[in-house]
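[1] With the sequence up front, the predicted model follows.
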Amino acid sequence: MHDPKLKILVASPTPTHPISRGNSARIYRLVCELNSAGHEVHFAHAAVEAGDDDAMAAAWGDRYHRLPYQRPSQSVRRFVSKVQRAFRLNAQYNRSVDALWDPATEAALRDLHEAHQFDAVIVEYVFFSKAFDAFPASVRKILDTHDVFTDRYQLYLDNNARPQWFSTSARQEALALDRADVALAIQENEAEHFRKISDTPVQVVGHFVEICQLDSPGDDLDLLYIGGNNPINMQSMDWFRDEVLHAVKRAHPDVRVGVAGSICDVLKSDPNMIFLGETQDLPATYARTRIAINPMLYGTGLKIKTVEALGFGKPLVTTSCGAEGMDDGCGTAFLVADEPAQMADQLMRVLDDADLREELSASATAYAEQWNAIALKNLTEALTA
């Protein structure tokens with residue numbers, strides 16, 4: 001075991017557990033990678049998104065810190081939105097980058113730094129960037145962006161969905177970036193956006209993949225999807241169930257589709273679907289299936305569940321959106337299909353061909369290993385440059 005090199009705090013509005021959600025998995029793997037590199041890593045969570053405190057305490061021990069957080073009053077925000085709706089201004093969906101910030105969180109971070117004297121702080125998400133104010137100039141400040149949030153509401157409107165979660169203006173997103181010494185983008189397309197709106201240096205650090213050689217698949221699942229209960233996942237899985245699975249069942253009437261994560265709480269079922277609920281043991285869950293799927297219809301950022309499946313050496317069928325930022329792996333490390341009939345054909349092809357499954361599995365593992373090496377190099381530069 002290496003002696004600690006840096007003392008690092010990861011401050012996040014999103015929990016690391018449960019790890020079935022893509023953003024939680026990213027943060028979890030980031031902390032694990034930093035620990036493996038020999039750094040002393042602390043994880044501080046403010047419950048903008050609720051998590052499993054017991055699981056986080058078990059994972060991180062006395063380096064887990066629960067931060068106080070109370071969501072700010074939205075009365076002014078609601079009034080402004082009402083006026084904007086009256087004039088049919090879509091800007092009603094954009095918010096101040098600090099709209100979710102609680103000053104009590106900043107005070108707790110100051111106390112935490114006073115106690116531990118961190119060398120670097122990694123803040124998750126632009127809307128949590130106010131956390132940097134709790135640290136002196138001597139602390140290296142790294143913003144892990146996860147997503148582009150400039151006019152993010154438009155993504156939903158373009159897909160006939162109600163805007164969700166968080167959206168802000170380019171000016172506000174630039175303000176968040178300017179607070180950092182360096183920003184991390186999850187893929188190159190998003191890095192280009194950040195470089196256009198801010199002078200803060202940007203490093204591309206994709207999701208760190210857990211590389212795990214699984215036992216031979218069990219015989220209870222043919223396909224597996226893991227995801228949270230956000231609207232994009234729900235819309236994508238509705239499409240898969242109604243358009244793709246229906247076609248697969250004509251040739252494979254007994255096909256078994258496992259669904260794991262909080263999406264199980266809201267997704268309409270199908271007789272061929274087996275709901276597994278939340279999972280804290282991703283290797284065991286992936287080991288149950290022959291093929292992973294990620295039928296993402298739209299979204300921003302790297303699709304964590306795509307690269308995660310590759311790390312577990314699973315043959316994967318996804319969409320062009322699900323493969324965004326990973327174009328060099330299309331057709332070799334995984335298969336891509338955007339039309340229902342095309343995706344059904346790809347799935348049946350992989351289901352029926354054991355040699356193809358073995359070939360895709362080996363390619364997936366090799367791709368994930370290369371992916372991790374690049375991400376680690378760029379993260380190291382972000383920490384030390």
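    Sure, I can see it.

[2] and the helix or strand harbouring residue 192, what does it pack onto?
    Assigning secondary structure by DSSP states H and E places residue 192 in helix 188-197. In this structure, helix 188-197 packs against helix 170-178, strand 182-185, strand 202-204, with contacts taken as 3 or more C-beta pairs under 8 Å, 6 or more residues apart in numbering; DSSP states H and E. All C-beta spots, glycine's among them, are computed from the backbone N, C-alpha and C.

[3] Low-confidence stretches in the stretch 1-150 of the chain?
    Applying pLDDT under 70 to the stretch 1-150 of the chain flags the ranges 1-4, 74-91.

[4] where does residue 332 fall, phi/psi-wise?
    phi -120, psi -60 (degrees, to the nearest 10).

[5] For it, the count of nearby residues, please.
    13 (other C-beta atoms under 10 Å).

[6] my read: it touches residue 363, true?
    Yes - Residue 332 is within contact range of residue 363, at 5.2 Å (criterion: C-beta atoms under 8 Å).

[7] For stretch 107-125, list every residue counted as buried.
    108, 109, 112, 113, 118, 119, 120, 121, 122, 123, 124, 125 (16 or more other C-beta atoms under 10 Å).

[8] Got the phi and psi for the last one?
    The phi and psi torsions at residue 125 (degrees, to the nearest 10) take the values phi 80, psi 140.

[9] show me what contacts it?
    12, 13, 14, 144, 145, 146, 147 (C-beta atoms under 8 Å, 6 or more residues apart in numbering).

[10] State the distance from residue 265 to residue 276.
    12 Å (C-beta to C-beta, to the nearest Å).

[11] actually residue 37, not the one I typed
    33 Å.

[12] same question, residue 380
    36 Å.

[13] Settle it for me: which of these two has more neighbours?
    residue 276 (18 against 13).

[14] so what's that one closest to, chain neighbours aside?
    Residue nearest to residue 276 in three dimensions, not counting chain neighbours: residue 260, with 4.1 Å by C-beta to C-beta, 6 or more residues apart in numbering.

[15] Need phi/psi at residue 214.
    According to degrees, to the nearest 10, residue 214 has phi -90, psi 160.

[16] wouldn't it be in contact with residue 288 here?
    No - counting by C-beta under 8 Å, residue 214 stays clear of residue 288, with 9.4 Å between them.

[17] neighbour count winner among the two?
    Ranked by neighbour count (other C-beta under 10 Å), residue 214 and residue 288 place residue 288 first, with 19 against 15.

[18] hang on, that one packs against residue 220?
    Yes - counting by C-beta under 8 Å, residue 220 is a contact partner of residue 288 at 5.7 Å.

[19] Find residues that contact each of these two.
    Common neighbours of residue 288 and residue 220 (C-beta under 8 Å, 6+ apart) are residue 258.

[20] For residue 264, which three-state class applies?
    What DSSP: H, G, I helix; E, B strand; the rest coil gives for residue 264 is helix.

[21] Return the residues in contact with it.
    275, 276, 277, 278.

[22] Nice, that's everything, thank you.
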